[in-house]
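Asks: pasting the sequence and the predicted coordinates here, then a few questions.
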Amino acid sequence: MNKGLFVTGTDTGIGKTVVSSALITAFNKLGFHTTAMKPIASGAKYINGQLVNEDALLLQQAASESSSYELINPYVFEPAIAPHLAARQVGIEIELSQIKQAYQQLSSNVDITVVEGVGGWLVPINKTENVADLATCLDLPVILVVGMRLGCINHALLTSESIQQKGANLIGWVANVVEADFSCVEENIETLNEMIDAPLLGVIPFQGEMNLNMSILQSRL
């Protein structure tokens, strides 16, 4: 199969890792060989002398195939700030060519590679490029995670429009209820389902589990 997916979101902290892990688990159950990648991560701590990001570790554990942390997460920064600022603090610049090389090495012996972005779709990664450029550099279809909270309709529509304008292939979206007291959840999901030009792949209730529609996803790969 040797395909990949790029998981992006309407913002930071809206469940990209939850969705990415769920995708990997679902593909594992279907018998595919999987790996994962978190090319850029801000917010990390030292474990046994190595700087690691919690989300990247979760993705590494979910994958069916074992890969080195350095390939899964080539750029990792300790402060939980915008990645281009974190890189500037340590005197380096994030390079898409290095990420692409790691991706090609990771994906060479598996069926599916799930790549999780950092922050939202247009978060800068260096002086001239952003997460959207990362997705298009890897030439991967995109899944959008929408954090269901006040303002989500505007955020989701702006992001989905930007994905299309960038020339990326938006193959589906996931609704993740991130606020317990968010009202009119079903109505908001219905509105977005009518307005986003891609299928709804699943809904994650507040602190709930995700039920992916894998048949739709596989038909679009």
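Replies: All right, it came through fine. Residues are numbered from 1 along each chain as shown.

Asks: show me where this structure has strands.
Replies: Ranges of strands within the chain are 3-9, 34-37, 40-42, 45-47, 50-52, 75-77, 112-116, 142-148, 170-177, 200-204, based on DSSP state E.

Asks: check which strands are paired with the fourth one and give the direction for each one.
Replies: In its sheet, strand 45-47 lies beside strand 50-52 (antiparallel), with partners assigned from DSSP bridges.

Asks: residues contacting E209?
Replies: By Cβ atoms under 8 Å, 6 or more residues apart in numbering, no residues touch E209. For the C-beta atoms, the positions are set from N, CA and C on the backbone; glycine is no exception.

Asks: now do 10 Å
Replies: For E209, the contacting residues are 18, 22, 202, by Cβ atoms under 10 Å, 6 or more residues apart in numbering.

Asks: next up, the contacts around the last one.
Replies: Spelled out, it's G202. 19, 22-23, 26, 143, 145, 172-176, 209-214, 216-217.

Asks: one more pass at 6 Å, please.
Replies: 174, 210-212 (Cβ atoms under 6 Å, 6 or more residues apart in numbering).

Asks: per-residue confidence at it?
Replies: As predicted, G202 sits at a pLDDT of 93.

Asks: which residue packs closest to it, ignoring adjacent ones?
Replies: Nearest residue to G202, sequence neighbours excluded (Cβ to Cβ, 6 or more residues apart in numbering): L212, at 4.6 Å.

Asks: where does pLDDT dip in this protein?
Replies: 1-2 (pLDDT under 70).

Asks: which residue ranges of it form helices?
Replies: Shown for the chain, the helices assigned by DSSP state H span residues 16-29, 54-62, 69-72, 83-89, 96-107, 131-138, 152-165, 185-195, 214-220.

Asks: can you list these in a markdown table and add mean neighbour count and distance to T113?
Replies: Output for these, formatted as a markdown table (neighbours: other Cβ atoms under 10 Å; distance: least, Cβ to Cβ, whole Å):
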| stretch | mean neighbour count | distance to T113 |
| --- | --- | --- |
| helix 16-29 | 22 | 9 |
| helix 54-62 | 19 | 11 |
| helix 69-72 | 17 | 10 |
| helix 83-89 | 18 | 20 |
| helix 96-107 | 16 | 4 |
| helix 131-138 | 20 | 9 |
| helix 152-165 | 18 | 19 |
| helix 185-195 | 14 | 27 |
| helix 214-220 | 14 | 14 |
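
Asks: for those helices, which one sits closest to S42?
Replies: Nearest to S42, of all the helices of the chain, is helix 83-89, at 4.9 Å by Cβ to Cβ.

Asks: for the residue nearest to G202, grab the count of nearby residues.
Replies: Using other Cβ atoms under 10 Å, L212 has 19 other residues around it.

Asks: wait, it touches A26, no?
Replies: Yes: with contact defined as Cβ atoms under 6 Å, L212 counts as touching A26 (5.3 Å).

Asks: list phi and psi for T128.
Replies: phi -120, psi -10 (degrees, to the nearest 10).

Asks: do you know how far it is from F77?
Replies: Counting by Cβ to Cβ, to the nearest Å, the gap from T128 to F77 is 19 Å.

Asks: that'll do, ta.
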